[in-house]
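Peer 1: structure for this input, please:
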Amino acid sequence: MQANLAKREPEFLARWQAENLYRQIQDATRDGAPYRFVDGPPYANGDIHIGHAVNKVLKDIIVKSRRLAGRHAPFVPGWDCHGLPIELQVEKKHGKVGDKLDAAAFRAKCREYAQQQIDSQRQDFKRLGVLADWDRPYLTMDPRFEAEQLRCLAQIVQRGHVVRGFKPVHWCLDCGSSLAEAEVEYEDKKSFAIDVRFDSADPADLARRFGVRDATGAGFVIWTTTPWTLPANQAIAVNRALRYALVRMERGGLVVLAAELVEGVARRWDDTAQVLATTEGAALEGAHAQHPFADRVVPLVCGDHVTTEAGTGLVHTAPAHGVEDYVVGLEYRLPVNNPVQSNGVFAADAPLVAGMHVRKVDEFILQALETRGALVKRAALTHSFPHCWRHKTPLIFRATPQWFVSMDTKGLRPQALESIAATQWIPAWGEARIREMVANRPDWCISRQRTWGVPMAVFVHRQKQELHPDTVSLLARIADRVERDGLEAWFGSAPSDWGVDEAQFEKCTDTLDVWFDSGVVHQCWFKALEPELLDEHGAAPIGDLYLEGSDQHRGWFQSSLLTSTAMHGRAPYRAVLTHGFTVDEQGRKMSKSMGNVVAPQQVTKTLGADVLRLWVAASDYSGEIAISDKLLTRMADAYRRIRNTARFLLGNLHGFDPAADALPASELVAIDGWALAQAAAMQAELAKAYEDCAFHVVYQKLHNYCVVDLGGCYLDILKDRLYTTGTKSLPRRSAQTAMWHILEALVRWIAPVLSFTADEIWQLVPGPRKGPVFAQRWHDLPSGNGANALDWARLLSAREAVRKALEGLRVDGRIGSGLSADLHLYADGELGAALRRPGDELKFWFLTSAVGVHAVAEAPPEAQRHELDDGSILLLVASATPHAKCERCWHQCADVGAHPNHPKLCGRCVVNVDGPGETRRYL
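Peer 2: Here you go, the predicted model:
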């Protein structure tokens, strides 16, 4: 009677493990059409949180529901195992590479730590009832996976997408490495916003450009929020289409500004302005300015990125520290001078700030500018700024030699956009989101300066900085060795070990971006675990579905898209489903300091995994997903309603043998045939909701069906027949037949969501069990001949009107239950015909002891008037009955005590006890 999920679910898990349940399911469904779900790998670090639980349960629901539809749906889980977070954990215990451990020993400790995390997370995922191939997961640190990753790299290199570049990338000073776009978060940052004057290097030339006689003392004023980038300034950018003004400021002197910003700048500077002349931005191209503190004259260049949204309309340009600056620099062949070293310290040849750390120079630079008369204005500005997602510290843009997957060299961007259009996105807004990201993203920096990762296993020409001409074949050989001997086959080797001339080529020391690791899962896990599924070209089949959180549009969804498109010219998936993040009831993020964190481990220890799974299914994952103890308690109540429905069905099927006792559909009582038709309609709706991944619809329909359709109507009506007719009588066997079919259907309906409960029910359903519940297809519900025997819609509408009338009598204390009431109904037309059709059996529909049906003209003045759903009118009179109560069926009838041998029974019960038993045709 008690679910006791928290205690009993682990017992189910032990049995599932002992029976090798996952393998049973795979063997039983192998003949079905394949459904290839690809699991996005969680990172192997730390305990799983509620977001992990949402993600894995959604995946489990999908895979289980696809099996109901007859698909063969393996679930191979995976883990992302390389990268900085694991390095940091190992550093805490063993120090940095070279302190206590050499690089090889450090990598071994990273591998050991990752495996410990995988083992811990795997147990938590199992506890959620997620059925997967836990004994054969894919791991990105598996030598087979690492080797295949190098083969993927070789294929992308062969197609010409990998390029070498010295360009600015997001650089984390704490990581000491470049970051991928998906590793960048935007948070508010307080910065200096400064206006800086660059004196004209040739006032006579400037005067000519503006068409004035004299521009002596003029200067170009730029606005920036990154003073630390000024040492790398190589130009000033203007927009050729804007107009620029030569302006006399009362205190600021003679300056050049965008014409439409003059008034705003004057207010900001608390100054007054007089425009002396204007000219097009194109006319300023090629003018020159003196750097305010470096011994350098810089040119004015034109760029479309210059706008009048903020600042002065003139943009400080440092190609080493900004993507737009870098692009303009390429056009004008500006030096890409990066004075900031990898540790954040300015190089010895940096002007003004040599040897200083980049985070400590802003105030120093401002003082120097002020001393030189170049600081026109300083202010504080809070603005959105890129931060490291691990360290939560501000990033810098820093030009370094890196490897990139080019978006445009070989047309990867337009191919990827075509692939996006060919994919189904759930919810549909996901398409626009990822399309915009791919359309506007820079080249993908795939190299990292880390120790723990798959190597960028290439050789580079020392002078030309180009790949070795035999890179593709070399990568193939290296991959074979890595598969056999592990990563040290590369890290521990010299160029000569691969037949490469060390005098000409150097060995790359970078590792691959971890997003490349997970991005090639579409190929690597198939090759590592299911090689027989590869096609004749060695390509993996397209995945039917990818499912992750909404942040993965710029993460795994995108890295998977780009690698697959670069390798095969297509997306790796047919459909992509996105779910939102978990928040509390007030919409706030989970935070330990706020005390609103809900840990899945705690929920399974108290309420059980099935309640957590029901909450996941009930939530609309297309937006933020709210969770709290109160919401979970509400889910526990909903769970009990579903469980109690199954308990009622099972309890009343005790002793029922379907093979011997089930009746053919043609012999069923009408309401039982109708109930089976209702169940079939519900099954069709649930099948569509599962297919559409609309799991909150599944929950709503399931809960409503158990509470309203079954508990509030059909099963309530059945109680009389189940408890009063003969054990083996046709009326009771008809009810049991319908209930057995409904239970066979219901246990399948709930299996993807309430997995432990479904398995418990499955063991108790009468009749032989052919395989586990998770290997079943939808139940074949028979078509009962009573589906159209009565006008069920009108009867249901009338039943609701009667329920309200009887409730009024109960509230007034005039009756206890409906069986204590006399009921007279007055209706004409189709409603009247519908009410008369069941005859004396109508009382079982309304759960009263007697019902009379009359013409409307016969209704007394006190009759209650009800307008039904179809507009028809029902008049009724309900009153307490004067008759005695039958102690067996509880009906209050005039013939109670009429039989001398049964003085406390009604005539109907006497027939059921001593006679041939009553006949039920309709109800």
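Peer 1: would you agree I236 is in contact with V297?
Peer 2: No - using C-beta atoms under 8 Å as the test, I236 is too far from V297 to be in contact (11.2 Å). For the C-beta atoms, the positions are set from N, CA and C on the backbone; glycine is no exception.
Peer 1: what is in contact with those two at once?
Peer 2: Here I236 and V297 have A289 as joint contacts, going by C-beta atoms under 8 Å, 6 or more residues apart in numbering.
Peer 1: compare those two (neighbour count), which wins?
Peer 2: Set side by side, I236 and V297 show more neighbours around I236, with 24 against 12, by other C-beta atoms under 10 Å.
Peer 1: give me phi/psi at the more buried one?
Peer 2: Backbone torsions of I236, given as degrees, to the nearest 10, read phi -120, psi 130.
Peer 1: and it, what does it touch?
Peer 2: By C-beta under 8 Å, 6+ apart, I236 lies in contact with F198, F220, I222, A289, V298, P299, L300, V301, L314, V315, H316, T317.
Peer 1: which residue ranges of the stretch 551-700 of the chain form strands?
Peer 2: Secondary structure of the stretch 551-700 of the chain (DSSP state E, counting those that start in this stretch): strands at 575-579, 582-583, 625-626.
Peer 1: all the strands of the stretch 101-250 of the chain, residue numbers only.
Peer 2: All strands of the stretch 101-250 of the chain, identified by DSSP E, counting those that start in this stretch, fall at 138-139, 162-172, 177-178, 184-199, 219-224, 235-238, 243-249.
Peer 1: need the ones you listed in a markdown table with distance to K93 and mean pLDDT, can you?
Peer 2: A markdown table is the format used below for the strands of the stretch 101-250 of the chain (distance: least, C-beta to C-beta, whole Å; pLDDT from 0 to 100):
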| stretch | distance to K93 | mean pLDDT |
| --- | --- | --- |
| strand 138-139 | 21 | 95 |
| strand 162-172 | 22 | 77 |
| strand 177-178 | 21 | 68 |
| strand 184-199 | 27 | 85 |
| strand 219-224 | 42 | 93 |
| strand 235-238 | 48 | 94 |
| strand 243-249 | 59 | 93 |
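Peer 1: pLDDT below threshold where in the stretch 701-850 of the chain?
Peer 2: For the stretch 701-850 of the chain, no stretch is flagged by pLDDT under 70.
Peer 1: before we move on, back to that, buried by neighbour count, from the contacts of I236: which ones?
Peer 2: F198, F220, I222, A289, V298, P299, L300, V301, L314, V315, H316, T317 (16 or more other C-beta atoms under 10 Å).
Peer 1: out of the contacts of I236, the closest to R613 would be?
Peer 2: Comparing those against R613 with C-beta to C-beta places V315 closest, at 53.8 Å.
Peer 1: right, and that closest one touches F220 too?
Peer 2: No - between V315 and F220 there is no contact under C-beta under 8 Å: 10.5 Å.
Peer 1: circling back to that earlier point, most packed of the strands of the stretch 551-700 of the chain?
Peer 2: When these are scored by mean count of other C-beta atoms under 10 Å, the highest mean neighbour count falls to strand 575-579 (a mean of 22).
Peer 1: which residues does that one contact?
Peer 2: Strand 575-579 has contacts (C-beta under 8 Å, 6+ apart) with 54-55, 58, 62, 423-427, 430, 544-550, 552-553, 557, 621-622, 625, 693.
Peer 1: do the same with stretch 554-568
Peer 2: 40, 152, 155-156, 159, 161, 180-182, 405, 412, 415-416, 419-420, 434, 437-438, 441, 444, 515-516, 518-523, 539, 546, 548, 552, 570-573, 576.
Peer 1: which ones among those lie within helices?
Peer 2: Of the contacts of stretch 554-568, the ones assigned to helices by DSSP state H are 152, 155-156, 412, 415-416, 419-420, 434, 437-438, 515-516, 518-519, 521-523.
Peer 1: just the mean pLDDT for stretch 380-394, thanks.
Peer 2: Stretch 380-394 carries an average pLDDT of 72.
Peer 1: likewise stretch 553-568?
Peer 2: The average pLDDT within stretch 553-568 is 95.
Peer 1: run the chain-centre distance for it.
Peer 2: Put simply, stretch 553-568 sits 17 Å off its chain's centre (C-alpha atoms, centre = their mean, to the nearest Å).
Peer 1: can I get it in PDB, CA atoms only?
Peer 2: In PDB, the C-alpha atoms belonging to stretch 553-568 read as follows (Å, rounded to 0.1, in the frame of the first residue of the first chain):
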ATOM      1  CA  HIS A 553      23.600  26.300 -28.800                       C
ATOM      2  CA  ARG A 554      27.000  28.000 -28.500                       C
ATOM      3  CA  GLY A 555      28.600  24.900 -27.000                       C
ATOM      4  CA  TRP A 556      28.100  21.200 -27.900                       C
ATOM      5  CA  PHE A 557      25.400  21.700 -30.500                       C
ATOM      6  CA  GLN A 558      27.600  24.100 -32.400                       C
ATOM      7  CA  SER A 559      30.900  22.200 -32.000                       C
ATOM      8  CA  SER A 560      29.200  19.000 -33.200                       C
ATOM      9  CA  LEU A 561      27.600  20.900 -36.100                       C
ATOM     10  CA  LEU A 562      30.900  22.400 -37.200                       C
ATOM     11  CA  THR A 563      33.000  19.200 -36.900                       C
ATOM     12  CA  SER A 564      30.400  17.100 -38.700                       C
ATOM     13  CA  THR A 565      29.900  19.600 -41.500                       C
ATOM     14  CA  ALA A 566      33.700  20.000 -41.900                       C
ATOM     15  CA  MET A 567      34.000  16.200 -42.100                       C
ATOM     16  CA  HIS A 568      30.900  15.100 -44.000                       C
END
